[in-house]
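Q: all I have is the shape, not the residue letters:
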């Protein structure tokens, strides 16, 4: 039996906020304020600053409150999920990319700012929660990024690179992403998955992820999350990252016009261990432009990956 919300709040020091099933508080490990997330549903927690995950025992030990376990008579045999580590050696070994620095003069944006960068993100369905999670910003010190909003990308909640999206000129390149970063080793959204996440929607681009997440209200629950693969390919490293979670159902949401070979390849690998479905897009709209009803329709009509790829090939042959 988990401690109640009232019991958990009674042991915390400093300000405490609530978001969905999480209490957000100071970290007992590194002391950072407002970066520690405790899940009221499963007793697991993690710090976005020191990038570590903790089981219930570690969390209560950190706050010198192990008496809550005794008081709730947690049975180790029945409640093993409450004491198992969140991060094992294999997962840690996958996270090999070096930390990255943001451009000189980087200024973090706030949700309510009235400038072209914040307005662009809000127009692309960024919510206040997205501003908090990603910490987007801009710089006026480097001409190459003039007019580009900069969006950090994370692994283990450490910055590993950034996307730079043009917000004001059709004459400039749409993206100037950080050079020298192996984006194929990153999976945008994987840090948001918890032990309770069993379903994921895989998309190509960052704003596709943002659109689906916010139309379906996925920030406020743990069962379903959206992952972004930085294009139509899924690398072995990205596959391993998925398989090292509790995800058992994956919906692939790619533009099929030129991705069928890639989907066949990684779909066949993944389907040996999890269920994989394909979402057939019969509209020119990007995911970021779709309504909740349109998104749900594509998910409800998704097909097992082998049927999906076969039917798509046949469809293109008949064109």
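A: That came in fine, so what should we check first? Computed from a predicted model, the values in this text were never measured in an experiment.

Q: which residues does stretch 229-247 contact?
A: 88, 90-91, 94, 183-188, 190, 193, 195-200, 202-205, 227, 250, 254-255, 258-259, 262-263, 266, 269-270, 273-274 (C-beta atoms under 8 Å, 6 or more residues apart in numbering). All C-beta spots, glycine's among them, are computed from the backbone N, C-alpha and C.

Q: for residue 225, grab phi and psi.
A: phi -140, psi 160 (degrees, to the nearest 10).

Q: show me the contacts for residue 185.
A: Counting by C-beta under 8 Å, 6+ apart, the residues that residue 185 touches are 96, 97, 155, 235, 237, 238.

Q: what about burial for those, which qualify?
A: 97, 155, 235, 237, 238 (16 or more other C-beta atoms under 10 Å).

Q: quick one: secondary structure of the fourth one?
A: The assignment at residue 237 comes out as helix when based on DSSP: H, G, I helix; E, B strand; the rest coil.

Q: just the pLDDT at it, thanks.
A: We note a pLDDT of 85 for residue 237 in this prediction.

Q: what about residue 246, neighbour count?
A: The criterion is other C-beta atoms under 10 Å. On that basis, residue 246 has 12 neighbouring residues.

Q: do residue 288 as well
A: One way to gauge burial is a neighbour count; for residue 288, by other C-beta under 10 Å, it gives 19.

Q: let me see the contact set for the closest residue to it other than its chain neighbours.
A: Of all residues not flanking residue 288 in the chain, residue 211 sits nearest, at 3.4 Å (C-beta to C-beta, 6 or more residues apart in numbering). The contact partners of residue 211, taken as C-beta under 8 Å, 6+ apart, are 124, 125, 286, 287, 288, 289, 290, 295.

Q: before we move on, back to that, could the buried ones among the contacts of residue 185 be laid out in TSV, adding distance to residue 215?
A: Shown next, in TSV, are the buried ones among the contacts of residue 185 (distance: C-beta to C-beta, whole Å):
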residue	distance to residue 215
97	30
155	26
235	28
237	29
238	24
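
Q: coming back round to it: now the contacts of stretch 229-247: which count as buried?
A: Neighbour-count burial (16+ other C-beta under 10 Å) applied to the contacts of stretch 229-247 gives 91, 94, 183, 185-188, 190, 193, 195-200, 202-205, 227, 250, 254, 259, 262-263, 266, 270, 274.

Q: now the contacts of residue 185 in CSV, with distance to residue 305?
A: Compiled in CSV, the contacts of residue 185 are given as follows (distance: C-beta to C-beta, whole Å):
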residue, distance to residue 305
96, 28
97, 28
155, 26
235, 18
237, 20
238, 16
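
Q: coming back round to it: element containing the residue nearest to residue 288, please.
A: Taking DSSP states H and E as the criterion, residue 211 maps to helix 206-215.

Q: how far away from the center of its chain is that helix?
A: 10 Å (C-alpha atoms, centre = their mean, to the nearest Å).

Q: quick one: buried residues of it?
A: Neighbour-count burial for helix 206-215 flags 206, 207, 208, 209, 210, 211, 212, 213, 214, 215 (criterion: 16+ other C-beta under 10 Å).

Q: wait, the fifth one sits on residue 123?
A: Going back to what we said before, that points to residue 210. No: applying C-beta atoms under 8 Å as the test, residue 210 and residue 123 come out as separate, 11.1 Å apart.

Q: against residue 181, how distant is residue 152?
A: Between residue 152 and residue 181 the computed distance is 11 Å (C-beta to C-beta, to the nearest Å).

Q: do residue 303 as well
A: With distances defined as C-beta to C-beta, the gap from residue 303 to residue 181 amounts to 34 Å.

Q: for the two, indicate the residue with more neighbours.
A: Looking at residue 303 and residue 181 with other C-beta under 10 Å, you find the greater number of neighbours at residue 181, namely 18 against 15.

Q: report the secondary structure state of the more buried one.
A: Remark: residue 181 carries the secondary structure label coil [criterion: three-state DSSP].
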